[in-house]
Structure formats: structure tokens, C-alpha cells
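Novice: need a 3D model of the sequence below.
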Amino acid sequence: MMKKLVLFICVILMITSLHAQTKPNFETMVNKYKVLDSADIKVTYRLLSVKDTIKKNAEEDIQVLLLGKNYSKYYSQDYLEYNISSTKLVLKGANAIPGFNRDGAYGYEIFKNMRNSEMEVTDLGTCIGGNYIYKEAIPTIDWEIGDEHCKILSYTCQKATGHFRGRTYEAWFTMDIPVNNGPWKLGGLPGLILKVSDSRNHYVFECIGLEQLKTKEEIRKYDVKYKEAKREEIDKIYKRFHKDNVAYNLLRGESTLFLNPVTQKWEKQYNAKKPLPYNPIELE
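Specialist: Numbers count the residues shown, from 1 in each chain. Just a heads-up that it's a prediction; the model follows:
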């Protein structure tokens, strides 16, 4: 009888620990950081991305580009807000924090160093676990500038087309803001890119707000524990996760159960034999 009671208590404790992420496991504390630069321009983009090429449902993420003299930073607004609120909970001594459930949001932060043309990309606590970082040169894209023009947020924009890592992009840039930057890793035009989409419309970035900041905003790189890797290595990890995320999580020692809000039963989150949709922005 005593053995059954002990076993029952162990099961309850295990299930309780699965219900939420506990404080020791939260690796993306954003209360400590290094200030790389200060931004005087803040650009807000809406990203619509298609992760499932069969269903073709676009998911939204609001992303921000901070432009400083020597550095720029690009990040997901929702994902940063989640990390900030989670950090506050941990610092207040919370026993658990809620999971991040915004499917359309991306955990990357992209820092472009204009002085040495180098770029740092961080992947903060996303589905593959941990915080990854890799460095590469700021991309040099062979843009072909056309004669077509349009208006975006009252700015006159000019069309350009270019190819980058397996996708052909149509970009609209404005000479009114003569900086060779844009959303995500894209840039290299005579003006700021306000809209860009790949030829299949799987990834569409569009500027929805642009501010000349009266008070400069710090460009922060968070002091978290990063795992250094090459971009190709991280790509392989993502492919492995989407091919069989149950096996991937088991290899990392993580549970594959979740609490079904409808049935209130603990269930396997995914069938190990059914791959998750995967349509990365970089195909090469």
C-alpha cells in the first residue's frame, strides 16, 4: 500500500512539473544587457509568413528595426515582450511561467555592425531549446533596381529584385531615408526597404510604422548564455525538430506531454511519426 502511495505521489509531482516551465529552466533572462548603440529611427514591420505550404495560412508577427549610427537591431516585438514579462516573474520569485503560444512570432534577434559589415544572429529560447548565436557577413545581394514606384506610408518607394539563399525577393525602398538596411537580413539598397516579399508570398514584410525618435532608444544585446554554432548547424537542428519533435525532445531530456485544455488530460503533443510543417525563409 505504501509503495502504491509513493508511486502515486511521484506521478502527481511529475505531472505538476510538466504543467509549466519552472524558474530554473528559463534561460532567456533579459534584465542584464550590453548597450551596443543608440537608435534614432524605429521602424515597425508586419511579417506574414506561411509555415505550412499545404494549408497556406499566413501567420503574423510584428517586428521592429532599430537604426543606430553603428549598429542596427531587428527583433520580434511579441517575443521580446514575453521574455521581459517572464523575466519579471522569475525575479519576483514565481514558481512557474506561462509558455509562449504565439505561433507566428520568431525568436531571432539580428544585429548588424555597419563598421565591419558583420552580423550576429541570436535565437532566443525557441522550440529547439536554449539560446543560440552565430556570426556571418552582412549579405551582399545583387539587386536589380527597376523603374516602378509606389507609395508606402507617404514615402515614395522604388522597386528592386534580388535573390538570396533560395528565394527571389521583390523589394520597395525609399530614398527619403538613405540607409542601406531593411527587415530581417535584407538590405544593401540606396534607401531603407519598406516592403519586401519573396516570389511565392511565403514571407511578406511590410512597414506599418516609422518614427524619428526624439529620445534615442538603446540597442541592447542581452547577457544570456549563448551556444555558439554555425548557421548551417542550427538549420539542421530545426530540420531535425520538425521531422520528429518528440524524439528530439526526448534526446534533450524534455517531456513530450501537454495538458489538453478541452479534455484536461495529459496527452502527447505530437505524433512522432507525423512531421511538423517546415518552410524556412532560408532555403540554402
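Novice: ok, residue 72 to residue 219 distance?
Specialist: 7 Å (CB to CB, to the nearest Å). Quick note: C-beta positions are derived from backbone N, CA and C, even for glycine.
Novice: let me fix that, I meant to ask about residue 239.
Specialist: 31 Å.
Novice: between the two, which is the more surrounded one?
Specialist: Set side by side, residue 239 and residue 219 show more neighbours around residue 219, with 21 against 12, by other CB atoms under 10 Å.
Novice: element containing the more buried one, please.
Specialist: Following DSSP states H and E, one finds residue 219 within strand 203-222.
Novice: note down every partner strand of that strand and its orientation.
Specialist: According to DSSP bridges, strand 203-222 forms sheet pairs with strand 33-50 (antiparallel), strand 192-198 (antiparallel).
Novice: for the next helix or strand after the longest one, buried residues please.
Specialist: Helices and strands here follow DSSP H and E; after strand 33-50, the next one along the chain is strand 58-68. When burial is assessed from 16 or more other CB atoms under 10 Å, strand 58-68 yields the following buried residues: 58, 61, 62, 63, 64, 65, 66, 67, 68.
Novice: against residue 206, how distant is the second one?
Specialist: The reference is to residue 61. Distance, residue 61 to residue 206, by CB to CB: 12 Å.
Novice: between the two, what contacts are shared?
Specialist: Residues touching both residue 61 and residue 206 (CB atoms under 8 Å, 6 or more residues apart in numbering): residue 46.
Novice: mutual contacts of residue 72 and residue 219, please.
Specialist: With CB under 8 Å, 6+ apart as the test, residue 72 and residue 219 both reach 39, 66, 111.
Novice: quick one: the helix or strand harbouring residue 83 to strand 203-222, angle?
Specialist: For residue 83, the host element (DSSP H and E) is helix 77-91. On the basis of axes from the mean of the first three to the mean of the last three CA atoms, to 10 degrees, helix 77-91 is oriented at 30 degrees to strand 203-222.
Novice: show me what helix 77-91 is packed against.
Specialist: Contact here means 3 or more CB pairs under 8 Å, 6 or more residues apart in numbering; DSSP states H and E; on that basis helix 77-91 packs against strand 58-68, strand 96-97.
Novice: in TSV: those strands, plus distance to residue 276 and mean pLDDT.
Specialist: Listed next are the helices and strands packed on helix 77-91 as TSV, based on distance: least, CB to CB, whole Å; pLDDT from 0 to 100:
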stretch	distance to residue 276	mean pLDDT
strand 58-68	14	97
strand 96-97	24	76
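Novice: show me the contacts for residue 175.
Specialist: Per CB under 8 Å, 6+ apart, neighbours of residue 175: 156, 158, 190, 191.
Novice: from residue 180, how far out is the last one?
Specialist: Read it as residue 191. For residue 191, the distance to residue 180 - CB to CB - is 8 Å.
Novice: looking at those two now, which is surrounded by more residues?
Specialist: More crowded of residue 191 and residue 180, by other CB under 10 Å: residue 191, with 21 against 15.
Novice: and the pLDDT at the more buried one?
Specialist: Per-residue confidence (pLDDT) for residue 191: 99.
Novice: and among the strands paired with strand 203-222, the most buried is which?
Specialist: Each of these was given a mean neighbour count from mean count of other CB atoms under 10 Å, and the largest, a mean of 24, is that of strand 192-198.
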